[in-house]
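J.: Need a 3D model of the sequence below.
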Amino acid sequence: MTTFGKTLAVTDTPIPGLVVLDLPVHGDARGWFKENWQREKMTALGLPDFGPVQNNISFNDKPGTTRGIHAEPWDKYVSVATGRIFGAWVDLREGPTFGAVFTAELDPSKAIFVPRGVGNSYQTLEPDTAYVYLVNDHWSPDAAYSFLNLADETVAIDWPIPLSDVEISDKDRTHPRLADVVPIPPRKTLVLGANGQLGRALRALLGDRPDIEYATRADLDLASPDLDTARPWRDYDVIVNAAAHTAVDHAETPEGRTQAWAANATGVAALARIATEHRCTLVHISSDYVFDGTSDAPYPEDAPLSPLGVYGQTKAAGDAIVQTVPRHYLIRTSWVIGDGRNFVTTMASLAERGIDPSVVADQTGRLTFTDDLAAGIHHLLTTRAPYGTYNLTGSGQPATWAQIAQSVFTLTGHDPARITPVTTDAYYATATGPIAPRPRNSVLDLAKITATGHTPADHTDRLAAYLTPQ
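T.: Here you go, the predicted structure:
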């Protein structure tokens with residue numbers, strides 16, 4: 001009867017992300033049984049939910065068969081079905097642990113999770129060894145691979161059977177030494193909507209770096225039928241969708257309705273499918289317009305959706321789609337103010353030109369400045385906050401649009417009494433062209449994001465700073 005350990009356990013190694021698993025193996029006179037990969041149990045112990053798409057087996061007749069060192073841009077889960085191996089893993093990723101080595105023997109009672117970019121190799125120690133590995137991407141000639149010579153002097157792997165006495169392929173004999181290896185770069189972040197207010201704020205915060213790409217609609221149109229092949233999606237870790245059709249009133253026209261649904265729902269569905277398939281974290285920006293604004297209290301993240309107009313309907317549809325992505329941050333915001341033309345700059349211009357506007361006084365919310373929105377997104381990503389939906393706006397005492405306009409006039413040295421407060425109905429009665437219905441209460445509850453350690457800035461303080469010349 002074969003006997004092995006009975007307790008599932010995970011042990012870290014000196015290579016970040018490379019972990020050894022002790023697998024319960026149940027044996028009797030007939031042989032043995034084990035759960036080689038059990039998603040629920042193993043992710044509960046801290047393993048990533050890596051989404052394998054292929055199972056490979058390498059059968060080796062003889063002891064001493066040696067293969068590697070190969071690093072691919074996908075994760076591997078390595079185990080042994082029969083026999084025993086000496087495994088050697090070398091970190092070939094960009095970063096401070098490049099060249100770090102870990103070795104261990106594996107039999108059917110052990111497995112090892114090998115993260116993307118860590119070189120994998122083994123030497124069989126028994127005849128008829130079956131080496132099994134799950135991978136979470138398919139091989140492609142266009143993928144970024146790194147290879148390291150098995151006999152590299154720098155990593156100096158102490159092979160149990162000398163390499164001069166073992167079976168090695170011609171390719172494995174000729175791989176480069178560590179000094180000549182091209183490290184595998186980290187997966188990138190892709191920011192969509194790079195020319196928009198939030199896209200520009202994200203670029204100002206994150207900067208121009210090799211691991212971040214910025215795409216405008218001209219670079220990448222979510223409505224394109226070729227979206228699946230528009231980028232090497234396996235190269236991205238995070239996709240920030242700051243692109244949207246945000247012309248609320250235009251969305252009420254026949255042309256605008258088509259454009260809003262294409263950008264805010266159909267395109268989002270395609271992006272969600274891509275993010276799911278390639279294990280990307282999808283950050284998607286939504287709106288207070290998914291609610292009807294009839295509540296007397298701030299809207300929490302799990303409040304029922306009840307959009308009033310076409311724009312809100314398309315954003316609500318996008319929300320439902322994004323929530324199906326395993327790794328997502330759905331961020332609802334309101335009353336966004338960034339660089340360029342917006343409500344605040346319009347009020348400041350009217351004040352300066354001597355124009356006394358009528359402003360709606362029965363819609364309540366908080367301003368959200370794009371710099372603060374970008375900072376909140378960065379916080380969620382860098383702290384690895386739990387995936388899900390988060391409200392992210394300015395904090396502080398809510399105000400009406402009329403009150404905000406009065407503050408703009410005051411802060412720019414003009415008489416706030418020049419603002420005439422009006423009701424929404426009265427404002428709509430004087431408008432020309434289609435006007436979208438708007439929620440009267442746009443205040444979003446911020447308790448959830450605050451609990452992650454992020455403190456949204458007070459929107460009245462940020463308004464003062466925004467209007468102060470630099």
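
J.: State the number of residues packed around residue 191.
T.: Residue crowding around residue 191 was assessed by other C-beta atoms under 10 Å; the count is 26. Just so you know, the C-beta spots here come from the backbone N, C-alpha and C atoms, and that holds for glycine as well.

J.: for residue 208, same thing?
T.: Residue neighbour count, defined by other C-beta under 10 Å, stands at 8 for residue 208.

J.: again with residue 430
T.: Each residue near residue 430 was counted by other C-beta under 10 Å, and the total is 8.

J.: For residue 306, report the pLDDT, please.
T.: The model reports residue 306 with a pLDDT of 97.

J.: Might one say that it is in contact with residue 291?
T.: Yes - using C-beta atoms under 8 Å, residue 306 is in contact with residue 291, at 6.1 Å.

J.: what are the ranges of the helices in the chain?
T.: Under the criterion DSSP state H, the chain carries helices at the ranges 39-44, 170-173, 197-206, 254-261, 267-277, 310-322, 343-352, 370-382, 401-411, 424-429, 447-450, 459-466.

J.: got the ones you listed as a markdown table, with mean neighbour count columns?
T.: Shown next, in a markdown table, are the helices of the chain (neighbours: other C-beta atoms under 10 Å):
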| stretch | mean neighbour count |
| --- | --- |
| helix 39-44 | 13 |
| helix 170-173 | 12 |
| helix 197-206 | 20 |
| helix 254-261 | 16 |
| helix 267-277 | 20 |
| helix 310-322 | 23 |
| helix 343-352 | 18 |
| helix 370-382 | 20 |
| helix 401-411 | 22 |
| helix 424-429 | 14 |
| helix 447-450 | 16 |
| helix 459-466 | 18 |
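
J.: For residue 142, which of those helices is the nearest?
T.: Counting by C-beta to C-beta, residue 142 lies closest to helix 267-277 out of those; the figure is 16.3 Å.

J.: can you give me the angle that closest one makes with helix 310-322?
T.: Direction vectors for helix 267-277 and helix 310-322, defined by axes from the mean of the first three to the mean of the last three C-alpha atoms, to 10 degrees, enclose an angle of 10 degrees.

J.: of all the helices of the chain, which lies closest to residue 220?
T.: helix 267-277 (9.8 Å).

J.: Only C-alpha atoms, please: export that closest one in PDB.
T.: Output for helix 267-277, consisting of C-alpha atoms alone and laid out as PDB, is shown next (Å, rounded to 0.1, in the frame of the first residue of the first chain):
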ATOM      1  CA  GLY A 267     -18.300  47.500 -26.400                       C
ATOM      2  CA  VAL A 268     -18.200  46.800 -22.600                       C
ATOM      3  CA  ALA A 269     -19.500  43.300 -23.300                       C
ATOM      4  CA  ALA A 270     -16.600  42.600 -25.700                       C
ATOM      5  CA  LEU A 271     -14.100  44.000 -23.300                       C
ATOM      6  CA  ALA A 272     -15.500  42.000 -20.400                       C
ATOM      7  CA  ARG A 273     -15.200  38.800 -22.500                       C
ATOM      8  CA  ILE A 274     -11.600  39.600 -23.300                       C
ATOM      9  CA  ALA A 275     -10.700  40.400 -19.600                       C
ATOM     10  CA  THR A 276     -12.200  37.200 -18.500                       C
ATOM     11  CA  GLU A 277     -10.500  35.100 -21.100                       C
END
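
J.: starting at the chain centroid, how far to it?
T.: Computed by C-alpha atoms, centre = their mean, to the nearest Å, the separation of helix 267-277 from the middle of its chain amounts to 12 Å.

J.: so what secondary structure elements neighbour that helix?
T.: For helix 267-277, the contact count by 3 or more C-beta pairs under 8 Å, 6 or more residues apart in numbering; DSSP states H and E identifies strand 236-241, strand 281-287, helix 310-322 as packing neighbours.

J.: looking at the ones you listed, which is closest to residue 17?
T.: For those, distance to residue 17 was read as C-beta to C-beta. The smallest value, 13.0 Å, belongs to strand 236-241.

J.: Pairing partners for residue 20 in the sheet, please.
T.: According to DSSP bridges, residue 11, residue 112 are recorded as the beta-bridge partners of residue 20.

J.: is it true that it touches residue 105?
T.: No - counting by C-beta under 8 Å, residue 20 stays clear of residue 105, with 10.4 Å between them.

J.: out of the helices of the chain, nearest to residue 101?
T.: Relative to residue 101, the nearest member of those by C-beta to C-beta is helix 170-173, separated by 17.0 Å.

J.: what does that closest one contact?
T.: Counting by C-beta atoms under 8 Å, 6 or more residues apart in numbering, the neighbours of helix 170-173 from elsewhere in the structure are 66, 67, 68, 149, 150.

J.: and with 7 Å instead?
T.: By C-beta atoms under 7 Å, 6 or more residues apart in numbering, the surrounding residues in contact with helix 170-173 are 67, 68, 150.

J.: Dump these into a markdown table; add distance to residue 264, pLDDT and neighbour count as well.
T.: Supplementary listing: the contacts of helix 170-173 in a markdown table, determined by distance: C-beta to C-beta, whole Å; pLDDT from 0 to 100; neighbours: other C-beta atoms under 10 Å:
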| residue | distance to residue 264 | pLDDT | neighbour count |
| --- | --- | --- | --- |
| 67 | 49 | 94 | 20 |
| 68 | 47 | 91 | 22 |
| 150 | 53 | 95 | 21 |
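
J.: and of the helices and strands packed on helix 267-277, who's closest to residue 332?
T.: Each of the helices and strands packed on helix 267-277 has some distance to residue 332 by C-beta to C-beta; the shortest is strand 281-287, at 4.6 Å.

J.: what's the angle from the closest one to helix 370-382?
T.: Computed by the same axes, to 10 degrees, the angle between strand 281-287 and helix 370-382 is 150 degrees.

J.: ok, strand 281-287: who's next to it in the sheet?
T.: Neighbouring strands of strand 281-287 in its sheet, by DSSP bridges, are strand 236-241 (parallel), strand 328-333 (parallel).

J.: Looking at residue 306 and residue 291, which is more packed in?
T.: Of the pair residue 306 and residue 291, residue 291 is the one with more neighbours under other C-beta under 10 Å, namely 24 against 14.

J.: these two touch, right, the more buried one and residue 300?
T.: No - contact status for residue 291 versus residue 300: not in contact, 10.4 Å apart, counting by C-beta atoms under 7 Å.

J.: Can you check the pLDDT for residue 140?
T.: Predicted confidence (pLDDT) at residue 140: the value is 81.

J.: go on, residue 2?
T.: At residue 2, the pLDDT value in this model is 50.

J.: that older thread, using JSON lines, lay out the contacts of helix 170-173 together with distance to residue 401.
T.: Listed next are the contacts of helix 170-173 as JSON lines, based on distance: C-beta to C-beta, whole Å:
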{"residue": "67", "distance to residue 401": "67"}
{"residue": "68", "distance to residue 401": "64"}
{"residue": "150", "distance to residue 401": "69"}
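
J.: So, low pLDDT: which residues of the stretch 351-470 of the chain?
T.: Segments of the stretch 351-470 of the chain classed as low confidence (criterion: pLDDT under 70) are 433, 470.

J.: Could you rerun that using 90?
T.: Per-residue confidence for the stretch 351-470 of the chain (pLDDT under 90) gives these ranges: 427-435, 468-470.

J.: Then the stretch 1-150 of the chain?
T.: In the stretch 1-150 of the chain, residues with pLDDT under 90: 1-7, 26-32, 48-51, 73, 137-145.

J.: 80 instead, please
T.: Flagging of the stretch 1-150 of the chain using pLDDT under 80 yields the residue ranges 1-6, 142-144.
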